[in-house]
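Student: Prediction below, plus the sequence it came from.
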Amino acid sequence: MTTIIAGQSSRLTLQVLHNGKPIAVTGNVQAQIFNQNGATRIIDARDLFEDTQGANWPAGIVVVELDSDDTSRLSVGNVMVILTGDFGVKRFKANVETLTDPTRTSLFIKDIVVQELREDRLMAAAAGAFQNIEVSDDYLWQKIRAAESEISHTLRVPLVPTRFFPNKPTQAQIDALDGMAWAIDSAYDYDPDMFHFDKWGYFVTRQKPIISVERMWFSYPSREDGWFNVPNDWIRTDARYGHIRLVPSSPAIFTTMSTFIMTALAGSRTIPFMINLEYTAGLADVETTYPELLDCIKKMAVLKVISDAFLPQSGSISADGLSQSISIDMSKYHESVDRILNGEQGNNGGLMSKIHGIRMMVI
């Protein structure tokens, strides 16, 4: 995938293919750029020329030249480059980034992690078995993204601090996050048992560990009616496990809630989606606190690459008089990933225990 640096002149070298093979380009060829879903044209159609430096129309290679004014109109992210000509319509994806905003996931910068992946021992050992197969940077980047997402789902935790809203936030709220990840965590049901005996309004958040609670409020009978904002100094948290309790440190709760809330609490009934919580949860400073997590993601990405290649467990390479035997035991590599996530077989360790605590089952 081609990369464009916003605000700088750029040359996009694209190859027109049909059924996976290059086709000669002839006649009038035009290029235009749309946003990622193709709904909005950003750069109008312009003619391309066969004598442009780097072009090779008989081999299907065309060059699209963009000046700094063109690229400054592009927003960071993916865009769609559309070519039209005698060959029909061909669409290409390009990535737009800035010098200070590189292509990245929550944890990795593309340029850096791709090089680290190429230096991985298993990747290096398997490289000789990729006969006539070119492993592109974009392909490795896709595997990193897939591995990062899979590890996050496996560990059941956001890998970076993430702000959770009970409803879709406004644009002003999103802008105030200054780039922080966000998601929606629906409001919680009110259970009258929450305040019985010594529970003190106890409930458990869906996302953890908790980093901070920005706001908590009750709503009844609708989201807009009967608001009661819980004072922050009432909120007590066990951050690691997502436990929240309410301990009034100012006038009693029943003297400050609206009539709607008092009626609800006195009714001894469960009320759906009454407790609204805006909070931040996830892992903070992964590089320092969870360095094994970064290693685990890269190992899993390598496994995805090798799995795609359907490599044999062992084989030999012979080229230019060089004969070398290789042996790739992927099960050992899988075990190393599982050991990082769950600890040694038979014990209760690894990242899962470090993040969520010791797990147990009662039969």
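Tutor: Arrived safely.
Student: shaky segments in this protein?
Tutor: Across the chain, the ranges flagged by pLDDT under 70 are 1, 121-133, 221, 223-227, 250-268, 309-330, 346, 348, 360-363.
Student: Domains of it: list them as residue ranges, please.
Tutor: 2-97, 110-154+287-356, 162-281 (automatic domain parsing).
Student: could I get the ones you listed as CSV with mean neighbour count and distance to residue 103?
Tutor: Yep, even glycine has a C-beta here, placed from its N, CA and C like the rest. Listed next are the domains of the chain as CSV, based on neighbours: other C-beta atoms under 10 Å; distance: least, C-beta to C-beta, whole Å:
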stretch, mean neighbour count, distance to residue 103
domain 2-97, 15, 5
domain 110-154+287-356, 15, 4
domain 162-281, 15, 14
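Student: excluding its backbone neighbours, what's nearest residue 18?
Tutor: In space, and not counting its chain neighbours, residue 18 is closest to residue 87: 7.1 Å by C-beta to C-beta, 6 or more residues apart in numbering.
Student: cool, and residue 104?
Tutor: In space, residue 104 is closest to residue 110, 6.3 Å off (C-beta to C-beta, 6+ apart).
Student: Next up, the contacts around the one you found.
Tutor: When contacts are counted by C-beta atoms under 8 Å, 6 or more residues apart in numbering, residue 110 touches 102, 103, 104, 137, 141, 144.
Student: of those residues, closest to residue 7?
Tutor: Using C-beta to C-beta, residue 102 comes nearest to residue 7 of the contacts of residue 110, at 14.1 Å.
Student: Against residue 115, how distant is that closest one?
Tutor: Remark: distance between residue 102 and residue 115 (C-beta to C-beta, to the nearest Å) = 13 Å.
Student: on that earlier part again, return the member of the contacts of residue 110 nearest to residue 22.
Tutor: residue 137 (21.1 Å).
Student: quick revisit: phi first, then psi, for the residue nearest to residue 104.
Tutor: Torsion angles at residue 110 (phi, psi; degrees, to the nearest 10) stand at phi -50, psi -50.
Student: That one and residue 17: what is the separation?
Tutor: Distance from residue 110 to residue 17, by C-beta to C-beta: 24 Å.
Student: same check, this time on residue 91
Tutor: 12 Å.
Student: Can you show me the strands along the stretch 101-250 of the chain?
Tutor: 162-165, 181-184, 188-190, 203-204, 210-218, 228-229, 235-238, 243-246 (DSSP state E, counting those that start in this stretch).
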